[in-house]
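Asker: generate a structure from the sequence data that follows.
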Amino acid sequence: MDENIAEFLRRSILKIPLHAIKTILKTWDFLSEDQLETINLRQRKESLTQEIILLCEGKNANLDDMALLDIVYTQVHRHKKLWDVFQMSKEPGDDVDLFDMKQFQTSFKKILQRALKNALKVASKHHQIVHLNLRSRHLDSLKAIVFREYNQTFDSHNTTVPLQEGSFGLDMNLDSNIILENTEEKERIQRVTQDTFGAYPQPQLEFAQYKLETRFKSDISGGILADRKEPLRCLIKFSSPHLLEALKSLAPAGIADAPLSPLLTCIPSKKMNYFKIRDK
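Answerer: As a prediction, the model looks like this:
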C-alpha cells in the first residue's frame, strides 16, 4: 500500500473515537467480519491504528477506499463539521426533473479534476450554484430549512399590542384586574409566538451573524464621526446550541417583547443566518 494512503488511513483512524471504530469500519465494509473480530480495542490508539493499517495493506487498499472511509466517518460525525448551503438552478425552460444519481456519480468522477463547483454544475446539469449564507453543523436542520420540511408559519407583525393601563386607585378589584391583564398579556405573547414560530420543533442552528454598515447621522457638523467618509461597521452575533428554540422562548420568558424583530424570526424563511445590513 502506498505510504501516502497508509498515512491517510492512519490519520482517519486516529480521529475516530475508540468506541466508534468497530461501527465505522463495519459500515465501511472493506474489511471482512473475521478481520474485524481480530481487532484488539484494548491497546494504545497508535498500536490499534497500525494493526488496522496492516489489515488494509493485505487487501491492497487504494485512494478510493480511503475516500469512502472518510465519507462514512463524516456521515457518522457530521455534527463536527460546519456545513455551507448552496442553491443550484437551471436555465429557464430546462427540465426540472431530478437527475439520475448513478449518472451523476459517473459524470462527477470524470470531471472531478475541475473546480468543485463546475463539477457539480456539469454533473447535475445545472447552470448556476449560489451560496445561501446558511451554515450549521446539523445537516438535517439545513435540509429542513432549504426544502421547507417543517410545518411553521413566519408571519410578520409590525406592532406590539400595548398593555392596558389599570387603575391605581383604592379599588377593591385591583388584584383581580392585575391578574386578568397579566393573563391576557401572557395569552397574547403565546399566540404571537406560535404565529411566528409555529407549534413545532425549530430547525437547529448554532448562530446568526449580522454585519451592520451605517453612516453616523448628526445635525452637528465638524465632529469626528460626522465627517467620517467611511461607514461605521459592527458585527453582532447571536450564539446558542439551539438558536431558534432560544429565540422562541425569549418573549414567553419575559426577556423580550413580542413579536421579536423580523431580523431574528426571518432566518428559516430567508434561508440565511448571515446578514448584511446597510443604510437604504
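
Asker: for the stretch 151-280 of the chain, just list every one of the helices.
Answerer: Assigned by DSSP state H, counting those that start in this stretch, the stretch 151-280 of the chain shows helices spanning 174-197, 243-250, 262-265, 267-270.

Asker: looking at those, which is nearest to residue 234?
Answerer: helix 262-265 (14.1 Å; Cβ to Cβ). For glycine as for every other residue, the C-beta is placed from the backbone atoms N, C-alpha and C.

Asker: list the buried residues of the closest one.
Answerer: Neighbour-count burial for helix 262-265 flags 262, 264, 265 (criterion: 16 or more other Cβ atoms under 10 Å).

Asker: which residues of the protein score low on pLDDT?
Answerer: 93-99, 108-117, 150-178, 180, 217-228 (pLDDT under 70).

Asker: what residues go with each domain of it?
Answerer: With domains defined by automatic domain parsing, the chain comprises 3-76, 83-137, 174-278.

Asker: now render those domains as a markdown table, adding distance to residue 145.
Answerer: Below are these laid out as a markdown table (distance: least, Cβ to Cβ, whole Å):
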| stretch | distance to residue 145 |
| --- | --- |
| domain 3-76 | 20 |
| domain 83-137 | 7 |
| domain 174-278 | 5 |
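
Asker: between the ones you listed, which gets nearest to residue 147?
Answerer: domain 174-278 (9.9 Å).

Asker: chain center to the closest one: distance?
Answerer: Taking Cα atoms, centre = their mean, to the nearest Å, one finds domain 174-278 lying 19 Å from the centre of the chain it belongs to.

Asker: show me the contacts for the residue nearest the centre of the chain.
Answerer: The residue lying closest to the centre of the chain (Cα atoms, centre = their mean) is residue 136, at 2.0 Å. Residue 136 is in contact with 82, 83, 142, 203, 204, 205, 206, 273, counting by Cβ atoms under 8 Å, 6 or more residues apart in numbering.

Asker: recalculate using a threshold of 6 Å.
Answerer: With contact set as Cβ atoms under 6 Å, 6 or more residues apart in numbering, residue 136 has these partners: 142, 205.

Asker: quick check on it: phi, psi?
Answerer: phi -170, psi 170 (degrees, to the nearest 10).

Asker: circling back to that earlier point, could you export the buried residues of helix 262-265 to TSV, including columns for distance to residue 48?
Answerer: Converted to TSV, the buried residues of helix 262-265 look like this (distance: Cβ to Cβ, whole Å):
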residue	distance to residue 48
262	53
264	47
265	49
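
Asker: any idea which of those is the one closest to residue 250?
Answerer: Nearest to residue 250 among those, with distances taken as Cβ to Cβ, is residue 264, at 8.8 Å.

Asker: how close does the closest residue to residue 247 other than its chain neighbours get to residue 54?
Answerer: Nearest non-adjacent residue to residue 247, counting by Cβ to Cβ, 6 or more residues apart in numbering: residue 264, 5.5 Å away. According to Cβ to Cβ, to the nearest Å, residue 264 stands 54 Å off from residue 54.

Asker: again with residue 273
Answerer: Residue 273 is 45 Å from residue 54, by Cβ to Cβ.

Asker: quick one: the strands in the stretch 101-250 of the chain?
Answerer: 128-136, 207-214, 232-239 (DSSP state E, counting those that start in this stretch).
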